[in-house]
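A.B. asks: next one to model:
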Amino acid sequence: MSKVNRVTRRILVAEDEALAAMAIEEELLGAGYEVELAPDGQAALDAARVALPDLLLTDLRMPRLDGVGLIRALRALAPELPVVVMTGYAPLGSTESFRRTGEGPVEVFAKPLDMDAVLAALRRLLPAEG
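C.D. replies: Down below sits the predicted model:
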């Protein structure tokens with residue numbers, strides 16, 4: 001019954017590996033989120049300019065625009081946007097390298113993803129409303 005009372009949160013997923021993107025989408029839909037998939041950072045940025053998501057879930061290494069460039073571009077539009085980074089190539093400093101003072105929260109997860117941990121982070125970053 002609680003799903004009826006809460007606002008569905010929209011997550012923009014930027015992931016260039018199609019099978020990984022579909023698996024993530026399935027998990028997020030099953031958890032009650034609305035999902036928009038983007039095959040690379042530029043497509044994600046274009047989608048966010050049309051309708052800003054409640055949260056960005058992004059890979060780092062993608063064609064056209066990488067995850068760091070995407071995060072910076074979206075944070076220019078919405079500094080408080082929560083971001084979850086998924087990568088097989090975590091940079092030194094992890095969270096600190098993606099967040100500047102006054103910006104929204106960032107969580108970093110290594111691939112392969114522990115979806116239970118990711119979903120727990122999403123619940124923290126996007127608390128249910130209503």
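A.B. asks: looking at this protein, which helix or strand does the model trust least?
C.D. replies: When each helix and strand of the chain is scored by mean pLDDT, DSSP states H and E, helix 2-5 comes last, with a mean of 43.
A.B. asks: any idea what the residue most central in space within the chain is bridged to?
C.D. replies: The centroid of the chain falls nearest to Leu57 when counting by CA atoms, centre = their mean (1.4 Å). Judged by DSSP bridges, the bridge partners of Leu57 are Val13, Val84.
A.B. asks: how far away is it from Val118?
C.D. replies: Per CB to CB, to the nearest Å, Leu57 is found 8 Å from Val118. To be clear about C-beta, it is placed using only N, CA and C from the backbone, and glycine gets the same treatment.
A.B. asks: pull up the overlap in contacts between those two.
C.D. replies: Common contact partners of Leu57 and Val118 (CB atoms under 8 Å, 6 or more residues apart in numbering): Val84, Met86.
A.B. asks: mind listing what Leu12 touches?
C.D. replies: Glu36, Ala38, Ala44, Ala47, Ala48, Pro53, Leu55, Leu56, Leu57.
A.B. asks: inside strands: which ones of those residues?
C.D. replies: Glu36, Ala38, Leu55, Leu56, Leu57 (DSSP state E).
A.B. asks: bridging residues for the second one?
C.D. replies: In other words, Ala38. Beta-bridge partners of Ala38, as defined by DSSP bridges: Ala14.
A.B. asks: buried sites along the longest helix seen in the chain?
C.D. replies: Counting by DSSP state H, the longest helix found in the chain is helix 18-30. For helix 18-30, burial by neighbour count (16 or more other CB atoms under 10 Å) applies to Ala20, Ala21, Ile24, Glu25, Glu27, Leu28.
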